[in-house]
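Colleague: coords please:
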Amino acid sequence: MAASLKEIAQASGVSVATAARFLNGDQKEVWASTARRAQRVREIARQMGYRPNHRAKSLARKCSMAIGMLFGREGVFYADVYHRIIARVSEQLAHNGYDLMMIPAIGPASQWSAKLMDGRVDACIVCDPAPDELQQVLENIDLPMLGINLSTDAQIPMIRYNEAQGAQMVVEHLLDLGHRRFWFAAYDMPQYKSLKHISFVTRLKIIRQILKEHGLEQEFQYQTRSVPQQVQMIADMPV
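Modeller: Next comes the predicted model:
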C-alpha cells in the first residue's frame, strides 16, 4: 500500500505542509539547505511508493489542472489537422502538469455546458464546428475560452488559419506553372455547415479574385460533393 503524505512527512522529519510543498514543487529552493531537504523528502517519498492524490492537489490549489476541448459532434475527428492540434496541445499541457479533457457538445446545451460550469476544467479550447448555443452558454459562465478557426461570432479570443494567404499561394503557383483552367472541389458536410464555414468562404473569395485579375474567371468552377464522391471523382480524373 502506498504511503500517505503524513507518513512521508513523519519519515522526513518535516511538517505535512512542508512535505506537500516539496512534493508539489511549490517551495522555492533558493538556499542549498532547502534544496537538500526537498531532495531528501522526494527520495523518501519515492522509496515509500508515495503517489500524489490528484483530487487533493486540485482542492488545495483550487483548480482542476485540466483544460477542456469542446467540439460539436465528430468535429475534431474528421480532419487530420485536428489530430495534430490535439497531440500538440496534450503534449504542452502535460509538460505543465495539466490534463486534456475532451468535451463533445452532444445533446442539449444544458448537458455539455455543465462540464464547463462545475469546476472540472480551468479553461476550454473550442474547436470547429462550434455548438450553435455557444454564445448563449458563454454569457452564463466565467471561464477562459479560446476558439480555433471557428465560423462563429462568439466573443472569445480566436486563432484562425491564414486561409487567404494559403489560397493565394496555391493559385499563383498553379498560374506560374501555366495552368489556366481551375476546379475547386469542396467537401459538402451539412452537419458541419462546411459551405458556410469561414475557411470555404475565404478560399473561394480569394480564388475568384485572383482569377478575375488574370481574366480567367470564366475558366473557374467549383463543385461540392460528399467526401466519398470527391475521392471517386479524383480517382476517375485522367492522368
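
Colleague: so in the protein, where's the weakest helix or strand by average pLDDT?
Modeller: Least confident helix or strand, the chain: helix 54-61 with a mean of 62, by mean pLDDT, DSSP states H and E.

Colleague: I'd like the next helix or strand past it.
Modeller: Where DSSP states H and E defines the elements, the next helix or strand beyond helix 54-61 is strand 66-71.

Colleague: partners of that next one in the sheet?
Modeller: strand 99-104 (parallel), strand 123-127 (parallel) (DSSP bridges).

Colleague: and the longest one, C-alpha only, in PDB?
Modeller: Going back to what we said before, that points to strand 99-104. These are the backbone C-alpha positions of strand 99-104, laid out as PDB (Å, rounded to 0.1, in the frame of the first residue of the first chain):
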ATOM      1  CA  ASP A  99      -4.600  17.100 -18.500                       C
ATOM      2  CA  LEU A 100      -6.700  17.500 -21.600                       C
ATOM      3  CA  MET A 101     -10.400  16.700 -21.300                       C
ATOM      4  CA  MET A 102     -12.400  16.100 -24.400                       C
ATOM      5  CA  ILE A 103     -16.000  17.500 -24.200                       C
ATOM      6  CA  PRO A 104     -18.300  16.600 -27.100                       C
END
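
Colleague: how about it: buried residues?
Modeller: Going by neighbour count (16 or more other C-beta atoms under 10 Å), the buried part of strand 99-104 is 100, 101, 103, 104. Just so you know, the C-beta spots here come from the backbone N, C-alpha and C atoms, and that holds for glycine as well.

Colleague: off-centre distance for that strand?
Modeller: Strand 99-104 sits 9 Å away from the centroid of its parent chain (C-alpha atoms, centre = their mean, to the nearest Å).

Colleague: which residues touch it?
Modeller: Outside strand 99-104, the residues that touch it by C-beta atoms under 8 Å, 6 or more residues apart in numbering are 65-73, 76, 86, 89-90, 93, 112, 115-116, 120-121, 124.

Colleague: ok, back up a step: residue 38: which of the strands paired with strand 66-71 is closest?
Modeller: strand 99-104 (24.9 Å; C-beta to C-beta).

Colleague: ranges for the helices of this structure?
Modeller: 5-12, 16-24, 32-47, 54-61, 80-95, 109-117, 134-138, 163-176, 198-213, 227-236 (DSSP state H).

Colleague: the domain parsing of the chain - what is it?
Modeller: 5-60, 63-159, 163-236 (automatic domain parsing).

Colleague: where in the protein is pLDDT low?
Modeller: Residue ranges of the chain with pLDDT under 70: 1-2, 25-30, 53-61, 73-80, 187-196, 225-227, 230-231, 234, 237-239.

Colleague: 50 - rerun?
Modeller: In the predicted model of the chain, residues 192 satisfy pLDDT under 50.

Colleague: who are the contact partners of residue 150?
Modeller: Residue 150 neighbours (C-beta under 8 Å, 6+ apart): 126, 127, 128, 130, 158, 198.

Colleague: most surrounded residue in those residues?
Modeller: Ranked by neighbour count (other C-beta atoms under 10 Å), those have residue 126 at the top, with 27 neighbours.
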